[in-house]
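In: Could you look at this predicted model? Sequence included:
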Amino acid sequence: MRALVNAVKTGLTEIWAHKMRSVLSFLAIAAGSVVFIEAFSAIFSTYERMEKQKAVSGMARLKISQNYSKTYSSPDDYVPPPVITYEDVLHLREKMPELYMVSPEGRDWHNVLEYGGQRVTSSLMGVTPEWAKRDFVYTLKGRFLGWHDVENKLRVCVLVKKAAPPPGNSFDKTMMKKYNFSGGFDTLVAHNDLLGKAVKIDGITFMVIGILEELPYSKRPNTILGRSQEYKILAPVTTLSHYGFIGSYQSLDVNIDTGSEQDFDESLRRINNFLKIRFGDGDFFIVENQLELIRDRISESLKSSLVTISLGMLAFIAGGIGIMNVTLATVFARTREIGIRRAVGASRGDIMLQFIVEAVMLGLIGGVLGSALGYFWGVPVKVMLAMDPSHIKPWMPLVSVLIAAFTAFAFAIYPAWVAAGLKPADALRAE
Amino acid sequence: MKISCSNLVKTYEGGKSGWPALRGVSFDIHKGEFVAVTGPSGCGKSTLLNIIGLLDEPSSGKYEFDGRNVLAMSDGERSDARRDSIGFVFQSFHLLNRLSSLENVCLPMRYAGVDAAEMKKRASGLLHKVGLKGKERKTPLELSGGERQRVAIARALANSPKVILADEPTGNLDSVSSRDIVDMLFALNAEGMTVVLVTHDREISARAGRNIRLRDGRIE
């Protein structure tokens, strides 16, 4: 312990005596520290986002949709292909009650919504309450569609209120202007409190029972699969079929979450089997295995995280090499001192300890400097760039300091070993 | 305390067969002796002193320091022996310029694990003894050559060694300072300290109790 205190004292004296050298070493390690904190927070945010996405989207996802290559045949021998109806979905549900979600979707386009004398173009999506089980990135005002609504084909609907686009995303804004033919719908929903009001859709009166407000961009976990559809008005799938919004020739898409990754393959097999029994061998439907897609996306994301962390580590290694260089130079510059210390009784261990402690102190001070920079600089910069600064956690600088000290330690071992290995008589002769 | 060397050979690496510094040197030094090692430049005086002081190892031969076979000692044991039993005084002082006189004297005690208060007390006492009272805070760069060598002597005495090894301690000093330093070493010897001194100076060697004269790595 006393030896350590001595080594710390000597180290501080040396660091103070060679200010320029010390500052350069601090900076080398500090740069590593800053990069590492950034890398750390990037990885942490990726991980957090992934976890959120997994929770929101689920992993074991499937989608049944029509195989369009089988839909069209030559006009002469046209036989309408089979379609998935709500009854088919109910049947599947009955056969496989263990599935977490079986959510049918049927769509109608170019619908006219009328309210308070305004007429805007929109689109309709027929769903069941199961729709809300996954990818629910909204806050709900009022209530969502219930089984009662579906079973009784009630004319009720839920409107989706779009969140403001992320700040500075002018490209999106321009694209929205250009392509969003129902831009008037968003404005209507944004500026009128439609909850509990009656609206007309293509002349048929619907009651607005709920408003789904999209979470703002900064708080929304991007769903892994992304939204293939843009949802505007949700209504019971049965109601839309009953009133002819969804034609009898139109097949429903079915989004499925099997509930567990373990049973996924078995569920997939059974669903394929179900389709075969019900619709024959014609391959009229495609079952998309979205689990693979999700896994690919996650592993891609992890790969990019590894690249980021390896950059951080590389920065530390660069800092470590800087410290090693400085320590080696110090050993050569202080060879005679090593000889003197050995002559008055310092052991090899004492000399080794002295140089390692000195390097670790360089690393520690550099690490603290870098962490402070990374934290107190990184957070405001992120706020300025409208990025989420919450991913720089207070423990990250701490870990970064520890890693800086450890890097310095690891890279000082060789120079310290060189110093300790010098023969006292040879060291004393050094100029 | 006895130093016993028999047939010490030291060959430095280089050339085909190396360069022989000592070619079989045998002698004994007993407790309380004042021995001057003399001889022309390059005769192996400093090499011999380094070997006696456990700073270097002989290539062959036998060396017993205080009854222990030095060749069988580990590096750590040799460090301990240097710390506890040997005090060095070098021609170029070999003080650490960043440390004060007091801290320089404390250095051997630090490695011996002496308590801080005791260390300072003992170091001040030693500086007082060598006539440097009031100069404890001065660094070597602020002292004259003679004063630096006194600091070095105080440092050599820090852990109450059994022998003082001085390698041309007056080589870098003017005549007045030289006499002071030599007088100090003789005074220590008078108190019972064993002193081995390497010197060119005939006057000093004449005062020594015994001379070991080296020529071409052998005792004349």
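Out: Thanks, I have it.
In: tell me the contacts of B:Lys135?
Out: B:Ser101, B:Leu127, B:Leu143, B:Glu147 (CB atoms under 8 Å, 6 or more residues apart in numbering or on different chains). The C-beta positions use only the backbone N, C-alpha and C, and glycine is treated the same way.
In: Let me see the mean pLDDT of the strand or helix carrying B:Gly146.
Out: Using DSSP states H and E, B:Gly146 falls within helix B:145-156. The average of the pLDDT scores along helix B:145-156 is 95.
In: And the residue of the stretch 51-200 of chain A closest to chain B?
Out: Residue nearest to chain B within the stretch 51-200 of chain A: A:Glu51 (53.6 Å; CB to the nearest CB).
In: I misspoke; the intended subject was chain A.
Out: Taking CB to the nearest CB, chain A has A:Gly345 as its residue nearest chain B, at 2.3 Å.
In: where's A:Gly184, which helix or strand?
Out: Assessed by DSSP H and E, A:Gly184 sits inside helix A:183-191.
In: May I see the buried residues of that helix?
Out: Buried residues in helix A:183-191, counted by 16 or more other CB atoms under 10 Å in any protein chain shown: A:Phe185, A:Asp186, A:Leu188, A:Val189.
In: Give me the buried stretch members for the helix or strand in which B:Asp84 is found, please.
Out: When secondary structure is defined by DSSP H and E, B:Asp84 falls within helix B:75-85. Using 16+ other CB under 10 Å as the test for burial, helix B:75-85 gives B:Asp75, B:Arg78, B:Ser79, B:Asp80, B:Ala81, B:Arg82, B:Arg83, B:Asp84, B:Ser85.
In: how about the residues of chain B that lie near chain A?
Out: Where chain B comes near chain A, counting by CB under 8 Å from any CB of the partner chain, the residues are B:50, B:53, B:55-56, B:75-76, B:79-80, B:82-84, B:88, B:90, B:94-96, B:98-99, B:107-108, B:110-113, B:155, B:158-159.
In: Which of these fall within strands?
Out: In this view, those that belong to strands under DSSP state E are B:Phe88, B:Phe90.
In: Give me the residue at the spatial middle of chain A.
Out: Nearest residue to the geometric centre of chain A (CA atoms, centre = their mean): A:Arg49, 3.0 Å.
In: pretty sure that residue belongs to a helix, no?
Out: Yes: looking at A:Arg49 with DSSP: H, G, I helix; E, B strand; the rest coil, it is inside a helix.
In: The closest residue to B:Lys62 other than its chain neighbours: what's it in contact with?
Out: With sequence-adjacent residues excluded and distances taken as CB to CB, 6 or more residues apart in numbering or on different chains, B:Lys62 is closest to B:Ser6, at 4.5 Å. Shown here is B:Ser6, whose contacts under the criterion CB under 8 Å, 6+ apart are B:Ser26, B:Gly61, B:Lys62, B:Tyr63.
In: that older thread, neighbours of the residue of the stretch 51-200 of chain A closest to chain B, just the number please.
Out: 11 (other CB atoms under 10 Å in any protein chain shown).
In: what pLDDT does it get?
Out: 81.
In: Check the gap between it and A:Ile37 for me.
Out: As defined by CB to CB, to the nearest Å, A:Glu51 lies at a distance of 21 Å from A:Ile37.
In: Over to A:Ile233?
Out: 46 Å.
In: Equivalent analysis for A:Ile29, please.
Out: A:Ile29 is 13 Å from A:Ile37, where distance means CB to CB.
In: same question, A:Thr238
Out: 54 Å.
In: Compare those two (neighbour count), which wins?
Out: Legend: neighbour count by other CB under 10 Å for A:Thr238 and A:Ile37, higher for A:Ile37 (24 against 21).
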